[in-house]
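K.L.:
A predicted structure for the sequence below; I have some questions about it.
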Amino acid sequence: KIVTGPNRSQYAHWKRTAYLRTSNTTYARTCSMSQTLAASTASSLAAMNFAMAKMPMFHSIPMQYPLPMVIGHRGAKDIAPENTIAAMRAAKAVGTTCVEVDVMLTKDGVPVIHHDNTVDRCTTGAGRLQDLNWAELRELDVGSHFCPDFKDERIPSLKEMVEVCWALGLDLNIEIKHSNDDAALVPTEEERLREVELATVTCTTLLSLDADPERVFLSSFSIAALEVAQAMLPHFRRSYLVSVIPSNWETTVLRLGCVSLNFNASKSSKEEIEACARTGVPLYAYTVNDPARAAKLIRWGLAGVFSDVPHLVRRHLWREGIDLKQGLQGLRRSNSSLSCSPTGSPQSALPFLQTVPAL
């Protein structure tokens, strides 16, 4: 069946999973029951429904790994300036299939791609991003701090980033940024409202672009932002971001309908990771730049990692015999990146940028 128009995204989500959550305790099957099930007795149906209501969400939803195994952190930020179009082109050039970026809101309400609350570290400007208008941000050079070759690189808007990643064939993880400087702190009411506004604008932008839920997914440390995304884009995958894994993480993941828990790899022990993996919830760790460490984490039960050097991690996992195609993205598309065989030096990837046309 071919579906076009405004229902295309919803249909894609329907295809991806046979179950949809309809309340906190019950689930409805989206496909019709078989004749065998229809002929079963009323008592058997009652027992089955009771069991389904008691099963955790991740045991009820027949999902494989919901995200790719290796995700480029802010593009390929060891090769090009982070969160820029150049970083996305670099990630594509060295064989990455999925990238992660951060979205924030300017003073005049434009969603842009930037990580820090201030622009001091990565640009020629200074001050808090939320105090600058879009026109002011566009004047800042975000490439020179990294390398003179990237002089005049600019901060992209969310719209530009989605369109570029689509053109490059990259899947895109958009992190809706938290408002305070420390994600571990409980936000003030003012900060929470800013997070709600950012999430609302982000979701509205994705809807206006008719973004594909098979190619774009969301994550956040902010509970308020994830609640907005759950309400506005229920058919998009969402991930719950944490630094230190909290005791109630599984309840939060279930309540927000998230497909994974993403956490700081340096703040969790082997025992903690293995215990979380036994729940069946897919786990992803950031930021893992040691390829051997990435392989160890995956053997402990992780579904994948975020890395500044995704090409090096991918190559090492391949050499270790770890299947890079376990994620839904790997199953959907052929993965030709391994044939590129990028060398170990991050600088050696720069010539490959010429193979990807400017957009």
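P.N.:
Arrived safely, thanks for sending. All figures in this text were calculated on a predicted structure; none of them were measured in a lab. Residues are numbered from 1 along each chain as shown.
K.L.:
ok, Glu153 - contacts?
P.N.:
Glu153 sits next to 81, 84-86, 141-144 when contact means C-beta atoms under 8 Å, 6 or more residues apart in numbering. All C-beta atoms are positioned from the backbone trio N, CA, C, and that covers glycine.
K.L.:
Is there a neighbour count for the closest residue to Asn133 other than its chain neighbours? I'd like the number.
P.N.:
Taking C-beta to C-beta, 6 or more residues apart in numbering as the measure, Asn133 lies nearest to Asp108, with 4.7 Å between them; neighbours along the chain are not counted. For Asp108, the tally of surrounding residues (other C-beta atoms under 10 Å) stands at 11.
K.L.:
thinking again about what came up before, need the contacts of Glu153 in JSON lines with neighbour count, distance to Glu191 and pLDDT, can you?
P.N.:
Below are these laid out as JSON lines (neighbours: other C-beta atoms under 10 Å; distance: C-beta to C-beta, whole Å; pLDDT from 0 to 100):
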{"residue": "Pro81", "neighbour count": "24", "distance to Glu191": "28", "pLDDT": "98"}
{"residue": "Thr84", "neighbour count": "26", "distance to Glu191": "27", "pLDDT": "98"}
{"residue": "Ile85", "neighbour count": "22", "distance to Glu191": "29", "pLDDT": "98"}
{"residue": "Ala86", "neighbour count": "25", "distance to Glu191": "31", "pLDDT": "98"}
{"residue": "Asp141", "neighbour count": "17", "distance to Glu191": "29", "pLDDT": "97"}
{"residue": "Val142", "neighbour count": "26", "distance to Glu191": "25", "pLDDT": "97"}
{"residue": "Gly143", "neighbour count": "22", "distance to Glu191": "30", "pLDDT": "97"}
{"residue": "Ser144", "neighbour count": "16", "distance to Glu191": "31", "pLDDT": "95"}
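K.L.:
out of the residues you listed, who's nearest Val119?
P.N.:
Minimum distance to Val119 across the contacts of Glu153 is 8.3 Å, recorded for Val142 (C-beta to C-beta).
K.L.:
do you know how far the closest one is from Leu172?
P.N.:
Val142 is 19 Å from Leu172, where distance means C-beta to C-beta, to the nearest Å.
K.L.:
per-residue pLDDT, the closest residue to Trp249 other than its chain neighbours?
P.N.:
By the measure of C-beta to C-beta, 6+ apart, the closest residue to Trp249 outside its immediate chain neighbours is Leu261, 5.8 Å from it. For Leu261, the model assigns a pLDDT of 97.
K.L.:
One more: the one 3 residues further on?
P.N.:
Turning to Asn264, the model gives it a pLDDT of 96.
K.L.:
Next: Ile79.
P.N.:
At Ile79 the predicted local distance difference test score is 95.
K.L.:
tell me the SS of the closest residue in space to it that isn't next to it in sequence?
P.N.:
Excluding its sequence neighbours, the residue lying closest to Ile79 (C-beta to C-beta, 6+ apart) is Ala90, at 4.3 Å. Here Ala90 takes the helix state, with states given by DSSP: H, G, I helix; E, B strand; the rest coil.
K.L.:
how near is Ala90 to Pro291?
P.N.:
For Ala90, the distance to Pro291 equals 18 Å [C-beta to C-beta].
K.L.:
So which of these two has more stuff around it?
P.N.:
When neighbours are counted by other C-beta under 10 Å, Ala90 comes out ahead of the other of Ala90 and Pro291, with 29 against 22.
K.L.:
Read off the pLDDT value for the nearest residue to Lys107 once chain neighbours are set aside.
P.N.:
The spatial neighbour of Lys107 that comes closest, neighbours along the chain excluded (C-beta to C-beta, 6+ apart), is Asn133 at 5.1 Å. What the model reports as pLDDT for Asn133 is 98.
K.L.:
doesn't Thr106 make contact with Asn133?
P.N.:
Yes. Between Asn133 and Thr106 a contact is recorded at 5.9 Å, counting by C-beta atoms under 8 Å.
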